[in-house]
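> whatever this is, show me its structure:
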Amino acid sequence: LRWKPTQQTENFEKGAEILTNDPVNPVYQLKILGMVVPRFVLMPCDNWEIREVNESQPSPTLGLVLSPVIDDLSLDKLGYDETRMKIKVHPATVEQVAQMQGKSGFGLEGSVLPGMPVGTFSYPLQIVTNSPERKADGTLGDMATLKVNITGRRDGPVRILGAAYRQESSAVTLGAFPATDGKSVTLNLLVRECPEEGLQMLDVETDPPALQAEFTGEAKPVGVAK
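I've put the predicted structure just below:
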């Protein structure tokens, strides 16, 4: 007898009645109890976010690859853009494995390197394990490849603030307004490691020409901000 679970569950239970011509035992009851778990568990699931990108050194994020059913899960190889990221592998702790009722696993530390373009980013990471994947028919296939994205945003040395500014798309929203009146918004630019002479705008280009930009500098603040 074979059952194919359709979803994960902590209380898997299936049974069958086997009818025979035995007058003493005409019916045999067969029951299977257990837990249905995934072959591999990614923590976080498939999106490893870097919350704050450092301008001068690698900015890390941590992830785990665990298995509730494999006794010796380990890494075979990695696939990623080495010009943008650096990946370190380390053993998973006993506590980390036990947290997901796992049997084995390993950890990864993914870092984006300094000098990446300003804006949002999403870099794919392929994790090839030493264990074959399980096919739909129950047989084993090639070594399982797990895929995640390392994501985040680099603001750069200049951070833009304002109610009309949408950071996720690096855009300014003006909303609806009469064409004859036009509309203006005010944005604040905060500069890290600003030169002693202050930030200077050397050139301004706008497209279309009807869009105009004007910059007003402020004195460099003195003191310590926390």
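> got any ranges where this protein has weak pLDDT?
Within the chain, the stretches with pLDDT under 70 are 218-226.
> can you map out the strands along it?
For the chain, the strands defined by DSSP state E cover 9-19, 27-36, 41-43, 47-50, 59-67, 75-79, 85-91, 104-112, 119-134, 140-154, 158-161, 165-166, 171-172, 188-191.
> adding mean neighbour count as columns, could you present those in CSV?
For every residue, glycine as well, the C-beta is placed using N, CA and C. Below are the strands of the chain laid out as CSV (neighbours: other Cβ atoms under 10 Å):
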stretch, mean neighbour count
strand 9-19, 10
strand 27-36, 11
strand 41-43, 18
strand 47-50, 17
strand 59-67, 20
strand 75-79, 13
strand 85-91, 14
strand 104-112, 20
strand 119-134, 16
strand 140-154, 16
strand 158-161, 12
strand 165-166, 13
strand 171-172, 12
strand 188-191, 12
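> right, and these - which one's nearest residue 201?
Residue 201 lies closest to strand 188-191 among the strands of the chain, at 9.5 Å (Cβ to Cβ).
> what pairs with that closest one, parallel or antiparallel?
strand 158-161 (antiparallel) (DSSP bridges).
> out of the strands of the chain, flag the one nearest residue 208.
Using Cβ to Cβ, the strands of the chain put strand 171-172 closest to residue 208, at 14.2 Å.
> wait, which of the strands of the chain is closest to residue 180?
Set against residue 180 and scored by Cβ to Cβ, those come closest in strand 171-172, at 20.5 Å.
> re the thing from before, export the strands of the chain to a markdown table and tack on distance to residue 209?
Listed next are the strands of the chain as a markdown table, based on distance: least, Cβ to Cβ, whole Å:
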| stretch | distance to residue 209 |
| --- | --- |
| strand 9-19 | 63 |
| strand 27-36 | 63 |
| strand 41-43 | 50 |
| strand 47-50 | 38 |
| strand 59-67 | 39 |
| strand 75-79 | 46 |
| strand 85-91 | 40 |
| strand 104-112 | 37 |
| strand 119-134 | 25 |
| strand 140-154 | 30 |
| strand 158-161 | 22 |
| strand 165-166 | 22 |
| strand 171-172 | 17 |
| strand 188-191 | 23 |
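> so who does the closest residue to residue 134 other than its chain neighbours touch?
Nearest residue to residue 134, sequence neighbours excluded (Cβ to Cβ, 6 or more residues apart in numbering): residue 39, at 5.5 Å. By Cβ atoms under 8 Å, 6 or more residues apart in numbering, the contact list for residue 39 reads 67, 68, 69, 70, 131, 133, 134, 144.
> let's see that with 10 Å instead.
67, 68, 69, 70, 73, 129, 131, 132, 133, 134, 144 (Cβ atoms under 10 Å, 6 or more residues apart in numbering).
> same question for residue 91.
Contacts for residue 91 (Cβ under 10 Å, 6+ apart) come out as 74, 97, 104, 105, 106, 107.
> for the last one, give its distance to residue 43.
Read that as residue 107. Distance check for residue 107 against residue 43: by Cβ to Cβ, to the nearest Å, it reads 9 Å.
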